[in-house]
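*Asks:* Dropping a prediction and its sequence here:
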There are 2 protein chains.
Amino acid sequence: MRTHELVLRQVEADLAAGKLRLGDRLPGERALAGQLGVSRPSVREAIRVLEAMGVVRTAVGSGPEAGAVIVADPGSPLTATLRLHLATSHLPMGDIVQTRVLLESWAVREAAGRAEPDQLAAAGRLLDAMDDPELPRERFHLLDAEFHVALAALAGNVLVSTIMASLREAIHGYVMAAAPNLPDWGSAAAGLRAQHRSVLAAVTGGDGDAAARLVAEHIEGFYRASRLA
Amino acid sequence: MRTHELVLRQVEADLAAGKLRLGDRLPGERALAGQLGVSRPSVREAIRVLEAMGVVRTAVGSGPEAGAVIVADPGSPLTATLRLHLATSHLPMGDIVQTRVLLESWAVREAAGRAEPDQLAAAGRLLDAMDDPELPRERFHLLDAEFHVALAALAGNVLVSTIMASLREAIHGYVMAAAPNLPDWGSAAAGLRAQHRSVLAAVTGGDGDAAARLVAEHIEGFYRASRLA
DNA sequence: TCGATCCTGTGGTCAGACCACACAGTATCA
DNA sequence: TGATACTGTGTGGTCTGACCACAGGATCGA
């Protein structure tokens, strides 16, 4: 057992026992090192790992915001991990697209007819923003991604929406890289806008099957057209 | 930008550019520190993060196995991250079960009639092992979890099977915690065995819809019976 | 030829020091 | 009296230099 793993185990035990709760602050690095009888570098390595897992957030200075604060952010570590593994080319893009289709079609089917009105309205506002013909292309894709995350969140499953958010960020760069593969961006964008509207309409109207089918066609169609899949 | 993040960025760039590939070794900590003009502790913190993400594996000593070797293991970091966040009680168990149902029913539907025979045989061997009436209960549940991971892997989607494998540990934890809630373990185990067999038979027989329905009923039934939902 | 031995390079750990930063209390001045 | 400037203090961030345990390869001896 390496020393920093001992620190990790201790922190995890405190979390599980309720001694450390969301918003609490870890003891200072020097204090923690003293309590556990290890050196400060070992404590720091453990904190780096916790940070990479989205369990703590660190900040310098003093005051209540400084130090290592317990947070609950499972999203960013998943995103970073996926990005790194995409960089090693050991996560096929096709699998990611397939997983997106699976998660999003399930989410809209679940959400159909029972999604919160304010969530639906928020998704609609994203589509309104994407109607701007002057919108830069990158901004369009960012809003697009945000809309899909919003769709996945409609079902109210934290794990599913977290996974979806992680996939979105990991993929965005590759979507932009494939931009030149779409021959006629103007008509492609118009098609995407129409598909988004029809998906949202199906969810609002309570037709889960139609929403699931439409969102699957929309995602697969885009990846085919941009030659990513 | 903190110093260790600079190291991380550099390693990620090398991965994306193909300068670092699976099985390669990172330069030694001292060498890397010298190349990037940073100190050894900063390099070590970066390596800890990469290790936590399943991108490298470190070992002491000399020889080809020593040092920081590039690996592709997205599973263990996801597992660890989920475990930590479950410890903070910010991932509802119900969401995890729902996600299981989603992933596994999709996987068996996809796999029905076209799964690799050796994968099906491996899953069958897990069920054979679970037939032993002398099997300790914990061991039964471990094999159970293993079987479900094998089911999810049948579809051949790396991302889905990785997510499912990460959920395994979390699943095992809640199953064991709920163990006392099952009044009659003997008959319950018999029921689980029968359900497993019928799922696998449906997959082998190519009936995807039945397999999906059976696996969903199996998971949700156990969850209900053990009073976790 | 084969065995034991030493050398070398690796990560693992530590102690101590200094810096930049942010807040809080105090001192200062208009 | 009020606002402003200053200093103190505790935080994480970084670095240097050192020593240890370990594993493999090179060397040397029988």
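*Replies:* Received the coordinates, thanks. Residues are numbered from 1 along each chain as shown, chains lettered A, B, ... in the order given.
*Asks:* got the phi/psi numbers for residue A:38?
*Replies:* Note on residue A:38: its backbone torsions stand at phi -120, psi 180 [degrees, to the nearest 10].
*Asks:* didn't it look like it was pressed against residue A:7?
*Replies:* Yes. Between residue A:38 and residue A:7 there is a contact at 6.5 Å, judged by C-beta atoms under 8 Å. Where C-beta positions appear, they are placed from N, C-alpha and C, glycine not excepted.
*Asks:* more crowded one of those two?
*Replies:* Under the criterion of other C-beta atoms under 10 Å in any protein chain shown, the comparison of residue A:38 against residue A:7 puts residue A:7 first, with 24 against 18.
*Asks:* Doesn't the more buried one belong to a helix?
*Replies:* Yes. Residue A:7: assigned to a helix according to DSSP: H, G, I helix; E, B strand; the rest coil.
*Asks:* wait, doesn't it sit right on residue A:39?
*Replies:* No. Counting by C-beta under 8 Å, residue A:7 stays clear of residue A:39, with 10.3 Å between them.
*Asks:* Is any residue of the lowest-mean-pLDDT helix or strand in chain A near chain B?
*Replies:* With mean pLDDT, DSSP states H and E as the measure, the helix or strand of chain A carrying the lowest mean pLDDT is helix A:158-177 (a mean of 84). Yes. With C-beta under 8 Å from any C-beta of the partner chain as the measure, helix A:158-177 is seen reaching chain B through A:158-160, A:163.
*Asks:* now, which of those sits nearest residue A:114?
*Replies:* Nearest to residue A:114 out of the residues of helix A:158-177 next to chain B is residue A:160 (C-beta to C-beta; 15.7 Å).
*Asks:* Look up how far residue A:167 lies from the closest one.
*Replies:* Note on residue A:160: its distance to residue A:167, by C-beta to C-beta, to the nearest Å, is 11 Å.
*Asks:* and what of residue A:120?
*Replies:* Distance of residue A:120 to residue A:167, given as C-beta to C-beta: 22 Å.
*Asks:* again, but for residue A:86
*Replies:* According to C-beta to C-beta, residue A:86 and residue A:167 sit 10 Å apart.
*Asks:* Looking at these two, which one has more neighbours?
*Replies:* Between residue A:86 and residue A:167, residue A:167 has the larger neighbour count (other C-beta under 10 Å), namely 24 against 20.
*Asks:* what residues does chain A put near DNA strand D?
*Replies:* Chain A comes close to DNA strand D at residues A:26, A:28-31, A:40-41, A:44, A:47, A:58-62, A:66-68, as judged by C-beta under 7 Å from any atom of the strand.
*Asks:* Tell me which residue of chain A is furthest from the middle?
*Replies:* residue A:37 (37.7 Å; C-alpha atoms, centre = their mean).
*Asks:* which residues in chain A form strands?
*Replies:* Using DSSP state E, the strands found in chain A span residues A:56-59, A:67-70.
*Asks:* so which of these is the most packed in?
*Replies:* strand A:67-70 (a mean of 20; mean count of other C-beta atoms under 10 Å in any protein chain shown).
*Asks:* Wondering if it reaches DNA strand C at all.
*Replies:* No. Strand A:67-70 stays clear of DNA strand C (C-beta under 7 Å from any atom of the strand), getting no nearer than 10.8 Å.
*Asks:* Identify the residues contacting that strand?
*Replies:* Outside strand A:67-70, the residues that touch it by C-beta atoms under 8 Å, 6 or more residues apart in numbering or on different chains are A:15, A:20-26, A:28-29, A:47, A:50-51, A:55-59, B:88.
*Asks:* hang on, the earlier thing: list the residues that contact both of residue A:38 and residue A:7?
*Replies:* By C-beta under 8 Å, 6+ apart, residue A:38 and residue A:7 have no common neighbours.
*Asks:* thinking again about what came up before, would JSON lines of the residues of helix A:158-177 next to chain B with distance to residue A:206 and neighbour count be doable?
*Replies:* What follows is the residues of helix A:158-177 next to chain B, written out as JSON lines (distance: C-beta to C-beta, whole Å; neighbours: other C-beta atoms under 10 Å in any protein chain shown):
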{"residue": "A:158", "distance to residue A:206": "24", "neighbour count": "20"}
{"residue": "A:159", "distance to residue A:206": "25", "neighbour count": "24"}
{"residue": "A:160", "distance to residue A:206": "20", "neighbour count": "23"}
{"residue": "A:163", "distance to residue A:206": "25", "neighbour count": "24"}
